[in-house]
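Asker: okay, here's the prediction I keep looking at, along with the sequence it came from:
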Amino acid sequence: MHGLASGEAPLLCATGLYKHLHSPSLAFWRARTARTILRDINLSIQPGERIGLAGVSGAGKTTLLNLLLALKGADAGTITCQGRAVRPASVRALRWYRRQVQYIPQDPASSLDPRMSVRDLIREPLVRLNVVDNHTRRIDEALDRVGLDQTLLRARPAALSGGQAQRVAIARAVALRPRLLLADEPLSGLDLPVRARVMQLFDDMSCLDGTAFLIISHDLSVMPRLCERTLILHDGAIIEDRPTTALFETPKHDHTRALVRAAYQDHAITAMVPAPAAPSLYPVL
Ligand SMILES: Nc1ncnc2c1ncn2[C@@H]1O[C@H](COP(=O)(O)OP(=O)(O)OP(=O)(O)O)[C@@H](O)[C@H]1O
């Protein structure tokens, strides 16, 4: 268990976050024309916790992610990490924050610089964030953690499969030994064996290292396996924040009920897909 000792600040705490969208062409009417895209977001993450954030397209997931990554500032509310205020404007504080909180992008293949080798891709955040340690050891450890072979260190992203690219993206984050990983649709586009490996890796990181996860997905069906608690974001507000099993058994909100139904339908569709045929005795031409 990786709970909090009494009196210890949460790993990440967002309180009363608001984000408005202003139309630049209507600057004069700014106050009146602003559209609220996040409203009164309260969220607390403890070490080792795995929390899901689900919502349909346009619910505000990316906007919230940008605030939690300190890429954008909120119009109201605060974010703290282990009790320290997180402010996009403070470069020094941000460097410290980026070592605590890392991001796994939705489409790793396109987020990796095609000119860099796997070794340089994993080393780059260590250099950028001034990590004073043996970088070669950190790279080897990270590679081992995500189950990639050392022989891939010289490879460039074009030579990687989708699953390998996903694991390189995770290794980049893992090399920093972060306390919290924000993962955007971490399973989408992966085939079943690679999905299983990524899920096992997340299990190990949260149970063995106490790494916390916020897993963002439009698809609720991934949450029971990955997250003990799930938040539903709807129209910019968190409408449910409950243990995942309770949320599936007794969804309180109509919108959650629709998401749960869709998740069961997806599961039913998956179950209908025939099992792979026995290996062919004929050579593959
Ligand atoms: N730069 C922008 N200009 C106009 N509207 C925006 C902008 N950024 C966000 N929005 C609006 O804010 C709302 C929330 O968008 P956001 O991208 O955060 O949702 P999302 O849940 O991540 O959606 P998706 O799953 O499709 O990425 C949407 O209605 C979107 O149209």
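Answerer: Done, it's in.
Asker: measure V222 to the ligand for me?
Answerer: Computed as CB to the nearest ligand atom, to the nearest Å, the V222 to the ligand distance reads 14 Å. Where you see a C-beta, it was placed from the backbone N, CA and C, and this is true even at glycine.
Asker: kindly report the same for R195.
Answerer: 20 Å.
Asker: next, that residue: secondary structure please.
Answerer: helix (DSSP: H, G, I helix; E, B strand; the rest coil).
Asker: skipping its backbone neighbours, what lies nearest it in space?
Answerer: Nearest non-adjacent residue to R195, counting by CB to CB, 6 or more residues apart in numbering: L187, 5.0 Å away.
Asker: go ahead and confirm that neighbour touches V222.
Answerer: Yes. Here L187 reaches V222: they are 5.5 Å apart, a contact under CB atoms under 8 Å.
Asker: follow-up on the earlier one: measure how buried the residue nearest to R195 is and give me the count.
Answerer: When neighbours are counted by other CB atoms under 10 Å, L187 registers 21.
Asker: residue contacts, it?
Answerer: By CB atoms under 8 Å, 6 or more residues apart in numbering, the contact set of L187 is 195, 198-199, 217, 222, 226.
Asker: how about a cut-off of 7 Å?
Answerer: For L187, the contacting residues are 195, 198, 222, by CB atoms under 7 Å, 6 or more residues apart in numbering.
Asker: A155 too?
Answerer: The contact partners of A155, taken as CB under 7 Å, 6+ apart, are 117-118.
Asker: quick one: buried residues of stretch 62-73?
Answerer: Residues 63-70 are the ones in stretch 62-73 that count as buried (16 or more other CB atoms under 10 Å).
Asker: and for R123, the neighbour number?
Answerer: For R123, using other CB under 10 Å, the count is 20.
Asker: that one: which element?
Answerer: helix 118-128 (DSSP states H and E).
Asker: what packs against the helix or strand just after that helix?
Answerer: The first helix or strand that comes after helix 118-128 along the chain, using DSSP H and E, is helix 135-145. Under the contact criterion of 3 or more CB pairs under 7 Å, 6 or more residues apart in numbering; DSSP states H and E, helix 135-145 touches helix 118-128, helix 162-174.
Asker: hey, which of these is tucked in deepest?
Answerer: helix 162-174 (a mean of 23; mean count of other CB atoms under 10 Å).
Asker: after that one, heading C-terminal, what element do we hit next?
Answerer: Using DSSP H and E, the helix or strand that follows helix 162-174 in sequence is strand 180-184.
Asker: can you give me the strands for the protein?
Answerer: 12-21, 35-45, 50-54, 76-81, 84-85, 101-104, 180-184, 212-217, 229-234, 237-243 (DSSP state E).
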